[in-house]
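Q: Predicted model and sequence below, questions to follow.
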Amino acid sequence: MSRNLNSAFFLLVIFGMPLVLLIAKKEVFSVDEKRKLATIPEFNYTTYLSGKWAKGVDDYIDDHFPFRNSFIQGASVFHASKGFMLENAEKVVVIPKRAKKIAKASTEEEAAAMKFLDDFEEEYSGSMLIIDGCVYPMGGGSPKMSKSFSKMVSEYAEELKGETRVFSAVAPLSSAFIPVEKYRKYNEQNQRTLAAIGSSLSNGALFCDVFTELNKHVDKKLYFGTDHHWKPIGAYYAYVAFCKTAGFAPVPLDKMDKKVKYNFVGTMYQHTRDPSVKANPDTMEYWVPKVETSAVRYGEYGFNKYTNTKVFHHGCSGGNTYSTFLGGDAPLIRIKTGVKNGKKAVVIKNSMGNAFSVFLVSHYQEIWVVDFRYSKQNLIELIRANNINDMIFAVGMYAAMSNGTINMMRNLAKQHGVYIPKPASPTTNDSIITIQEPADTLN
Amino acid sequence: MVFSSLTFLYFFLPLSLIFHYASRNNLYRNIALTIFSLIFYAWAEPMWIYLMIFTAMFDYGMGIFIENNRGSAKAKLGVTLSVIVNLSLLVAYKYGGFIYDNISMIGPLPFDRPTNTLPVGISFYTFMVISYVVDVYRGDVKAQRNPINFLMFISLFQHLVAGPIVRYSQLSEQVNRRTIDWNRISQGVTRFSIGLFKKVVIANVAGALVDKYMVTELYNLSSYEGWFGIAMFSIQLYFDFSGYSDMAIGLAKLFGFDFDENFKNPYAAISVADFYRRWHISLGRFFRDYVYIPLGGNRKFQNRNILIVWFLTGLWHGASWNFALWGTYFGVLMVIEKYSKKVLDRTPRFLKHSYTLVLIVFSRAIFYFVDFDQMTYFIGNLFVSDNPINPGFLTDLTSHVYWLILVLILCIPWDEIYTAESSTRLKWTARYAYVQPAVNLALILLSTLLLVNSTFNPFLYTRF
C-alpha cells in the first residue's frame, strides 16, 4: 500500500504539472520581474545545433511553470528558514551563479535589459547585503587581483606608446558606500584595491582616481539600491576624476540638462527577490550634455552592418531605465559629436561604462564605445585606423578582478573580427538595418 | 540535459516513462530508451552525439571481433586497437588544449590551440567501453550482438553524463530482460527524490557559499572563512555528486535496471584509503581492475602502482596540473598510510576520523583551484592570514545554521550505526514506511520550489 502510494504521488506530480502547464493560460509579461516571459523558441537546424532551441525550451518551461510565482515566494521562505538573523543584523541574501537566459527581445531596449541581466549574472554572486531596501555586494576586490588588470592595461600602453594615451577608470563596488559604520571595512577594501591598480600601472598608462572622487560625495546616493549599476551622479564623479587625469575641465552639472526617471527596480531585485527592495524603487536623475550627437551601433546584425542609434534613449523606463545610456550594451558604438576639436576616444567598457561614456561627448569629436564582452573588432587596428587619441578602460570592479574578463580585454588586441574603417555613410541597402531615428540634438 | 531541471523532471521523464512502458516487448523498450537517451544527451550539445555514437558502434564492432577471434593474436590486436582509439579520442577532446599549452611552453607550435569544448560524459563513457572490450577479451562477458542494445547500454541517460561508470557485466542480463514491479519503482522514486533533494537543497546552497568564499572574496578571507569556504566546497562536491548518483540509481530502477552503489558514507571514513573505498566507487574499481592490477597490484612495485593510479585518477578529473597534483597527493598519502598501518590500527577511531576529514577537506583546495597562484594563496591563507574576519561572516553562519545542522545529520552513517539487522532500524523502518510517500512528495516539491526560476543546475562531475 505504502509502496503504491509512494509511486502514485510521484507519478501524479510529474504527470500533473506538465498537464497544468499545457492547459493553463500563458502570461506574456511578468509584472514582478518587469520582463517579457519566454515564448516557444523557433526550431530550425541552426537553433537546434547551437543549443539555443533547447535552452529556449528550458526557459519557456521555467517561465510558464504552474504556480510559478507561488513557488518563487516559497523559495524565498525556504531561504529565510535556513537559519536565523541576529538581532539588529542586516539581511543577507546569497545569490548563486546562474546561467544566461536566452529569451527573445522584441525591442532594442529589451535586448539591452537582457544584456544587463547577463552582465549581472556573469559577475555578481555571493552574499548581498540588504539595508533599507538597498542591495550591496559584500566585497571590495583585492589588491592582488588588481595587478592582473593593471598588467593588461599597461600592455596596451606599451603597444600604443607615443600614439594614444591609455587610461584606467575602474568603478568601485557600491559596497564602498554602505551607510552603516560596521561595513566601513568595504570602503577601505575598495580603496586599497583601486589604489593598487594605480600603483601597478606602467608604461605611461594613466590612472583615474575614481574612488577618491566618489568618496568625496558619500553624502549622495551614488549607486542604485535595486540595481548593480552606479547612478548617473556616480558616473559623473568618475568622469570628473577622468577629466582631472586627462587635463580637461569637467562640465559642471548645472551646465547640462537635468532629467528624472522614477520607479526603477533593477537587477538586484530580480536576484534577491526581497520585498523590501521591490518596495524601494530607485529614482534616476541624469544629466544630458548640451552637445549635438549622432551614433551608430554595430554587431547585432553582423559586424559589417549597423543601426542608427542615439546617445540618450529617453524613452527607457521601468526595468530598462539604465538603458537610457547608449540604449544599453552593444559590441561597438560610434558616437559623433558637434565638438569640432578633432579629438577621438575609445572607451573599453562593460555596462558600468555606459553612464560614464555619455559625459565624454563634451570633449571629443568622435567616441568609439567597445564592449569587451561582445566586440569582435581588433582594437589596435581600430585605434590606429581612426587615429584615436585616448583609450579609456571604464569598467566595474568585478570586470577588473576576474582573469576571464581581463583576458577578454586583452584579446581585443589579438582577435581578427571584421573591421569597418569608415562606416558612417552607408551606400548600399544590404549594409544597413534601417532604423531611422533623428540625431540626438539637444541644443 | 540535467536531472535537476524542470524540463527533465516534468517533461522528459514522464514522456520517457510513457514510451518505455507502452509495450512489454523488450526490444521496443530498448529502442525507446535509446532514442530518449540520445535526446537527453543531445539536448544542450547536439554536435557531440556523433562522437558518442561512433564510440559505441566502434566498440560494439570491436567486441564482436574480439569474441570471434578469442584466443588469437587478432583478439589481442582488437583490444589494443580499441583501447588506443578510445583513449586517443579522450586525449584529443579532453586534453588537447592542455597538451598544447604545455608543449608550447617549450617552443611555439605551428598550429592553433584546439578549442573544442569538452564533450559531456566522454570521461565516463570512454571508461565504460574500455571496460567492455577488455572484459570481452578476458572472457568475463559475452559480446553484445545487438547494436541497439549496446548503444542503449552506453547511452542510457541514467548514467551517461556523470556516471556511475557501469560495467557491462552488471547490466548484460538486464539489457536483454528486465524485471519491473511496483516495489522496484517505489524504491526508485525514493532514491530519486533523495538525490534531487541532495542536489538542489544541499549542494546548490553550499555552492552559493563556495562562490563567495572561494571566488568573490578569495583575497579578503580570514583563515576561519577560508576553512569555512573549503568545508562548503566539500559539502557541495559530496552532495552534488552523490545526489547525482542517487538520482541515477533511482531512475535506473524506474526503468528496471540496477546500478551498483557509488558512495557509502565517505565522510565517515577513518583513513584516506577508506575514504576512497566509499567515494566514487565505480571509478576506483575501474582503476583497480584495469590499471592497478595489470601493473602488478600488491604483488610487485606496489608503491609505484599506487602513485601511477592516483596520478591518472587526478588527471581523469580534468586537464589541468592541479588535478594531477591532487591525485598525487592522495597517492602519497596512501603510501604513507600503508607504512603507518600499525600506528593507525592503535589510534582511537575518532582521531583517525578527524585526521582523515582534515586531509580530505584540505585536498579540496588543490582540487578547486586550477590557477596555481590562487591555490597557493588560498592554502597559505588557511594557516596564516592578515585579513580580519569579514563583517558578513557571522551573518552567513547564523543565516545557514539550521541548514548546516541538517547537512551534518545527513553526513552521519546511520545505516552503519543501525545495520540492517538492528532492531531499532527495523522498528523505525516499519514506522517510516507510513510517512515515506508524504516525505518523498515533500522532497520533490521542495526541490521544485528551488528549481523554478533557477534553470541551470549543472552537476560538478559532468565537467570531468
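A: Looks like it came in fine. Numbers count the residues shown, from 1 in each chain, chains lettered A, B, ... in the order given.

Q: Can you report how many residues lie near residue 355?
A: All of this is about chain A. Using other Cβ atoms under 10 Å in any protein chain shown, A:A355 is surrounded by 27 other residues. Backbone N, C-alpha and C define where each C-beta goes, glycine included.

Q: Chain B is the one I meant
A: 15.

Q: mind listing the strands for the stretch 301-450 of chain B?
A: Taking DSSP state E, counting those that start in this stretch as the criterion, the stretch 301-450 of chain B carries no strands.

Q: remind me which residues of it are low pLDDT?
A: Nowhere does the stretch 301-450 of chain B drop to pLDDT under 70.

Q: Residues of it that sit close to chain A?
A: B:371, B:377, B:388, B:390-392, B:394-404, B:433-434, B:436-438, B:440-441, B:444-446, B:448-450 (Cβ under 8 Å from any Cβ of the partner chain).

Q: quick one: contacts for residue 283?
A: Just going to use chain A. A:260-264 (Cβ atoms under 8 Å, 6 or more residues apart in numbering or on different chains).

Q: was after chain B, sorry
A: B:127, B:163, B:165, B:313, B:316.

Q: Taking the residues you listed together, which two end up most distant?
A: B:G163 and B:T313 (13.7 Å; Cβ to Cβ).

Q: Show me which positions of the longest helix anywhere in chain B end up buried.
A: If you go by DSSP state H, chain B has its longest helix at helix B:223-254. When burial is assessed from 16 or more other Cβ atoms under 10 Å in any protein chain shown, helix B:223-254 yields the following buried residues: B:223, B:225-254.

Q: quick one: which of the contacts of B:L283 is most hemmed in?
A: That'd be B:G163 among the contacts of B:L283, by other Cβ under 10 Å, with 28 neighbours.

Q: Model confidence at it, what's the number?
A: With respect to pLDDT, B:G163 scores 69.

Q: and if you look at the one 3 residues further on?
A: Per-residue confidence (pLDDT) for B:V166: 87.

Q: Am I right that it is in a strand?
A: No: according to DSSP: H, G, I helix; E, B strand; the rest coil, B:V166 belongs to no strand; its state is coil.

Q: Please look at it and B:F127 and confirm they touch.
A: No: applying Cβ atoms under 8 Å, one finds B:V166 not in contact with B:F127, separated by 9.8 Å.

Q: what's the domain layout of chain A?
A: A:1-81, A:134-433 (automatic domain parsing).

Q: can you put those domains in TSV and add mean pLDDT?
A: Listed next are those as TSV, based on pLDDT from 0 to 100:
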stretch	mean pLDDT
domain A:1-81	84
domain A:134-433	87
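
Q: Give me the buried positions along stretch B:303-320.
A: B:305-311, B:313-320.

Q: In the stretch 201-350 of chain A, what residue lies closest to chain B?
A: Across the stretch 201-350 of chain A, no residue is closer to chain B than A:R273, which sits at 8.3 Å (Cβ to the nearest Cβ).

Q: what about that residue, neighbour count?
A: Quick note: A:R273 (other Cβ under 10 Å) scores 19 neighbours.

Q: And A:A246, by the same measure?
A: Neighbour tally, A:A246, other Cβ under 10 Å: 19.

Q: Test my guess that B:G392 contacts A:M138.
A: Yes: the criterion here is Cβ under 8 Å, and B:G392 meets it with A:M138 at 4.6 Å.

Q: Name the residues contacting each of these two.
A: A:92, A:127, A:129.

Q: and the second one, that's in a strand?
A: Yes: secondary structure of A:S127, determined by three-state DSSP: located in a strand.

Q: any idea how far B:R167 is from it?
A: 44 Å (Cβ to Cβ, to the nearest Å).

Q: Over to the last one?
A: Applying Cβ to Cβ, one obtains 51 Å for the distance of A:L129 from B:R167.

Q: quick one: which of those two has more around it?
A: Higher neighbour count among A:L129 and B:R167: A:L129, with 24 against 20, using other Cβ under 10 Å.

Q: Flag every buried residue along stretch A:383-400.
A: By neighbour count on 16+ other Cβ under 10 Å, the buried set for stretch A:383-400 is A:383, A:388-400.

Q: and those residues, which of them are in strands?
A: A:390-396 (DSSP state E).

Q: Out of the contacts of B:L283, the closest to B:H353 would be?
A: B:T313 (22.9 Å).

Q: what ranges do the helices span in the stretch 1-150 of chain A?
A: In the stretch 1-150 of chain A, the helices defined using DSSP state H, counting those that start in this stretch lie at A:2-23, A:45-50, A:52-63, A:68-80, A:108-123, A:143-159.

Q: nope, the stretch 201-350 of chain A is what I was after
A: Under DSSP H, counting those that start in this stretch, the stretch 201-350 of chain A gives helices at A:210-215, A:232-246, A:267-272, A:275-278.

Q: tell me the most buried of those helices?
A: For the helices of the stretch 201-350 of chain A, the largest average neighbour count (mean count of other Cβ atoms under 10 Å in any protein chain shown) is found in helix A:267-272, namely a mean of 25.

Q: how about the nearest residue to B:G78, chain neighbours excluded?
A: In space, not counting the residues next to it along the chain, B:G78 is nearest to B:I66; the distance is 4.3 Å by Cβ to Cβ, 6 or more residues apart in numbering or on different chains.

Q: shouldn't B:D258 be in contact with B:A252?
A: Yes: in this structure, B:D258 is within contact of B:A252 by Cβ under 8 Å, at 6.6 Å.

Q: Quick one, which of the helices of the stretch 1-150 of chain A gets closest to A:S317.
A: Once the helices of the stretch 1-150 of chain A are compared by Cβ to Cβ, helix A:108-123 is nearest, at 8.8 Å.

Q: pretty sure B:T190 is touching B:L443, no?
A: No: counting by Cβ under 8 Å, B:L443 is not a contact partner of B:T190; they are 9.1 Å apart.

Q: related to what we said a few turns ago, next, give me the two most distant ones among the buried residues of stretch A:383-400.
A: A:N389 and A:Y398 (28.4 Å).

Q: Please tell me how far B:L196 sits from A:N215.
A: B:L196 is 48 Å from A:N215, by Cβ to Cβ.

Q: Throw the domains of chain A into JSON lines and include distance to B:G97, thanks.
A: Compiled in JSON lines, these are given as follows (distance: least, Cβ to Cβ, whole Å):
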{"stretch": "domain A:1-81", "distance to B:G97": "21"}
{"stretch": "domain A:134-433", "distance to B:G97": "14"}
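
Q: Same list, the shared contacts of B:G392 and A:M138, but only the ones touching chain B.
A: Contacts with chain B within the shared contacts of B:G392 and A:M138, as defined by Cβ under 8 Å from any Cβ: A:92, A:127, A:129.

Q: Next, count neighbours for the nearest residue to the last one once chain neighbours are set aside.
A: So the one you mean is A:L129. Distance criterion Cβ to Cβ, 6+ apart; nearest residue to A:L129, sequence neighbours excluded, is A:Y136 at 4.7 Å. Per other Cβ under 10 Å, the neighbour tally for A:Y136 reads 25.

Q: quick one: A:Y136 and chain B, what's the gap?
A: 10 Å (Cβ to the nearest Cβ, to the nearest Å).

Q: Which residues are in contact with that residue?
A: A:128-130, A:173-175, A:178, A:183, A:186.

Q: hey, where'd the helices end up in the stretch 251-400 of chain B?
A: B:272-278, B:281-287, B:293-295, B:302-316, B:321-339, B:341-346, B:349-368, B:372-383, B:393-398.
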